[in-house]
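# Let me see the structure of the following:
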Amino acid sequence: MSLITPVILVGGSGKRLWPLSRESMPKQFVPLLGKQSTFQQTLARVADRSLFGKPVIATNDAYRFMCESQARDIGVEIDILVEPSRRDSGPAMAAAAAYTRGLGAKAVLALASDHLVIGSEEFLAGCREGLAAVEKGGIVTFGIPPTEPKTDYGYIRPGSERIGPVMKVAAFVEKPNAQTAMQYIAEGLLWNSGNFLFPPELLLSEMKRFEPAMAAAAEEAVAKAKKTGSTVFLDADAFGKAPAKSIDYAVMERTDKCWVVPARFRWSDLGTWDALLDVGQADSAGNVTEGPVEIDHVRNSYIRSDGPLTAVIGVEDVVVVSMNDAVLVGHRDNLPRLKDVVQRMSDGKHRAATEHAVMHRPWGSYQDIDRGERFRAKRLTVKPGAKLSLQSHNRRAEHWVVVKGVAEVTLDGKVMTLRENESTYIPIGGVHRLANPGSELL
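Numbering: from 1, shown residues only. Purely as a prediction, here's the structure:
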């Protein structure tokens, strides 16, 4: 049996789980359930080297360093395929297929980085079952047996032809209304998880049938790509020629070579706050709480604080998410409107609509503590061995105070070491750099 090459798709704008998820730090990098992010959980899911090869991460340049950092934190080696522009999942998967084909991959598993899967052994079993259809020239998706009539998922209608437990797909069906969803469940349709297992050559050949411009753009982008270490940068001009279209519309809903594995694991795309209420550990009143919260006479609600102590009294069917710089309060029935609300806040230039209070960088992170007309106070955290770029400022001076760790400061060619409770002054125009030479956080 050939090893499966995992391709993990890392994108998204982070609007549907605002304020915890934002464009600067979307949900796949945030610990939604447990201590690991869903990106790290996805990496762990394909860690069995008897079945999976080295993961390839398809992402953009803005998220590249976060992928590297979070993979390093859990000891997983990755390759990164950098998309120069957002063109939806069709071009992303086409480029991944062309790249992995060049690596000699015979089977590719394309996974979303922001989904929840409960049941690792069942997941591995589904991958092994799907390989039987892949080896016979099929593209395999994972269908989820519905637990309720969801209207925000697409559905899959299985056919009668089988390879063991794997069934030929008769049709992909668009998101239904509530009544139609109940009918789909009665008819044995499955939720479409949007995760696929396929031979890369087959996916590209099907794309050449249905979307020749997309296939040609992806192959050209890979052929002209530049590689630095384990990171591959797709050619921007070539990739930009690809039509922006999802893989479902581009290939899956049009091919006659698609099969479905009925999954035996629990799954959620964690697309709304309501989903976390579905998969979280609820109390006797149906509430899921996270962080420093206190509730009284609350029912069927999701209450979370990642900062201030939050009290909620006398409500039901609500979502309350409290952070240091933003708060969400909404009725569960209206959660689909959150994306539009975040867009309006973004259009209104509210920084918290897209940026976290803590902004992550390759060297660490920074957080605004206070800012006013002629000042700004920030807390910088620098990783062990990391350093900021050498720079200078023409309009501001800076004061640096070490509150923890050891700092190596370069100023106009001179290097000094600062320890806890020591400080220095960076004048306007001074060429400076901050580095952490120690083994602990600075």
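
# Contact partners for Ser120?
Arg45, Phe265 (Cβ atoms under 8 Å, 6 or more residues apart in numbering). No exception for glycine: its C-beta is placed from N, CA and C like everyone else's.

# swap the cut-off to 10 Å and go again
Gln41, Ala44, Arg45, Ala47, Asp48, Phe265 (Cβ atoms under 10 Å, 6 or more residues apart in numbering).

# What values do phi and psi take at it?
The phi/psi pair for Ser120 (degrees, to the nearest 10) reads phi -70, psi -40.

# before we move on, what about Ala238?
Dihedral pair for Ala238: phi -70, psi -50, per degrees, to the nearest 10.

# where exactly do the helices run in the stretch 251-400 of the chain?
Along the stretch 251-400 of the chain, the stretches classed as helices by DSSP state H, counting those that start in this stretch are 273-279, 338-347.

# Compare the ones you listed and give me the one nearest Pro362.
When those are compared by Cβ to Cβ, helix 338-347 sits nearest Pro362, at 24.7 Å.

# Would you mark the buried spots in that closest one?
For helix 338-347, a neighbour-count test (16 or more other Cβ atoms under 10 Å) marks Leu338, Val342, Met345, Ser346 as buried.

# and it, what does it pack onto?
strand 327-331 (3 or more Cβ pairs under 10 Å, 6 or more residues apart in numbering; DSSP states H and E).

# Now do the strand it packs on, average pLDDT.
Mean per-residue pLDDT for strand 327-331: 97.

# Name every strand pairing with it and say which way it goes.
Note on strand 327-331: by DSSP bridges, its sheet partners are strand 318-322 (antiparallel).

# could you list every residue that touches the residue nearest to Glu355 when sequence neighbours are not counted?
Leaving aside its sequence neighbours, Glu355 sits nearest to Ser24 (Cβ to Cβ, 6 or more residues apart in numbering; 4.7 Å). By Cβ under 10 Å, 6+ apart, the contact set of Ser24 is Gly14, Ala62, Tyr63, Met66, Arg351, Thr354, Glu355, His356, Ala357, Val358, Met359, His360.

# likewise Ala238?
Taking Cβ under 10 Å, 6+ apart as the test, what Ala238 contacts is Pro84, Ala95, Ala216, Ala217, Ala218, Glu219, Glu220, Ala221, Val222, Ala223, Lys224, Ala225.

# Quick one: buried ones out of those residues?
Neighbour counting by 16+ other Cβ under 10 Å classes Pro84, Ala95, Ala216, Ala217, Ala218, Glu219, Glu220, Ala221, Val222, Ala225 among these as buried.

# wait, the first one sits on Val232?
No - no contact is recorded between Pro84 and Val232 when judged using Cβ atoms under 10 Å, the distance being 11.3 Å.

# list the residues that contact both of these two?
Common neighbours of Pro84 and Val232 (criterion: Cβ under 10 Å, 6+ apart): Ala221, Ala225.

# and Thr310, bridged to which residues?
Beta-bridge pairing for Thr310 (DSSP bridges): Val293.

# pLDDT score for it?
Per-residue pLDDT puts Thr310 at 98.

# Can you tell me how far it is from Asp73?
28 Å (Cβ to Cβ, to the nearest Å).

# So for those two, which sits in the more crowded spot?
Applying other Cβ atoms under 10 Å to Thr310 and Asp73 shows that Thr310 carries more neighbours, namely 20 against 11.

# ok, that one to Lys35 distance?
Distance of Thr310 to Lys35, computed by Cβ to Cβ: 21 Å.

# Now tabulate the contacts of Ser24 in a markdown table and tack on distance to Gly430, neighbour count and pLDDT.
Formatted as a markdown table, the contacts of Ser24 follow (distance: Cβ to Cβ, whole Å; neighbours: other Cβ atoms under 10 Å; pLDDT from 0 to 100):
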| residue | distance to Gly430 | neighbour count | pLDDT |
| --- | --- | --- | --- |
| Gly14 | 36 | 22 | 70 |
| Ala62 | 29 | 12 | 89 |
| Tyr63 | 32 | 24 | 92 |
| Met66 | 30 | 21 | 92 |
| Arg351 | 28 | 15 | 88 |
| Thr354 | 31 | 18 | 90 |
| Glu355 | 27 | 16 | 88 |
| His356 | 29 | 23 | 86 |
| Ala357 | 28 | 20 | 84 |
| Val358 | 27 | 16 | 86 |
| Met359 | 23 | 14 | 87 |
| His360 | 26 | 18 | 87 |
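
# Same list (those residues) but as a markdown table, adding distance to Pro199.
Compiled in a markdown table, the contacts of Ser24 are given as follows (distance: Cβ to Cβ, whole Å):
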| residue | distance to Pro199 |
| --- | --- |
| Gly14 | 33 |
| Ala62 | 31 |
| Tyr63 | 28 |
| Met66 | 30 |
| Arg351 | 45 |
| Thr354 | 39 |
| Glu355 | 41 |
| His356 | 40 |
| Ala357 | 45 |
| Val358 | 42 |
| Met359 | 41 |
| His360 | 36 |
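
# Tell me which of these fall in strands.
Val358, Met359, His360 (DSSP state E).

# Of those residues, which is the nearest to Gly413?
Set against Gly413, the nearest of the ones in strands among the contacts of Ser24 by Cβ to Cβ is Met359 (28.9 Å).

# measure stretch 368-379 end to end?
End-to-end distance for stretch 368-379: 6 Å, by Cα to Cα, to the nearest Å.

# now stretch 214-234
End-to-end span of stretch 214-234 (Cα to Cα): 14 Å.

# How about stretch 161-168?
End-to-end for stretch 161-168, by Cα to Cα: 5 Å.

# Contact partners for Thr180?
Contacts of Thr180 were listed using Cβ under 10 Å, 6+ apart, and they are Pro149, Thr151, Tyr155, Val173, Glu174.

# Repeat that for Phe239.
With Cβ under 10 Å, 6+ apart, Phe239 has these contacts: 82-85, 87, 91-92, 94-95, 217-218, 220-222, 224-225, 233.

# What of His115?
Taking Cβ under 10 Å, 6+ apart as the test, what His115 contacts is 28, 38, 41-42, 45, 193-195, 267-271.

# try 8 Å
By Cβ under 8 Å, 6+ apart, His115 lies in contact with Thr38, Thr42, Ser193, Gly194, Asn195, Trp267, Ser268, Asp269, Leu270.

# quick check, nearest of those residues to Ile369?
Ranked by distance to Ile369 (Cβ to Cβ), the contacts of His115 are led by Thr38 at 29.2 Å.

# Go ahead and confirm the closest one touches Gln70.
No - Thr38 is beyond contact range of Gln70, at 10.3 Å (criterion: Cβ atoms under 8 Å).

# Same drill for the two, tell me which one is more crowded.
More crowded of Thr38 and Gln70, by other Cβ under 10 Å: Thr38, with 24 against 21.

# Pull the contacting residues for the more buried one.
Thr38 sits next to Lys27, Gln28, Val30, Leu32, Ser113, Asp114, His115, Leu116, Leu270 when contact means Cβ under 8 Å, 6+ apart.

# what are the bridge partners for Lys168, then?
Trp259.
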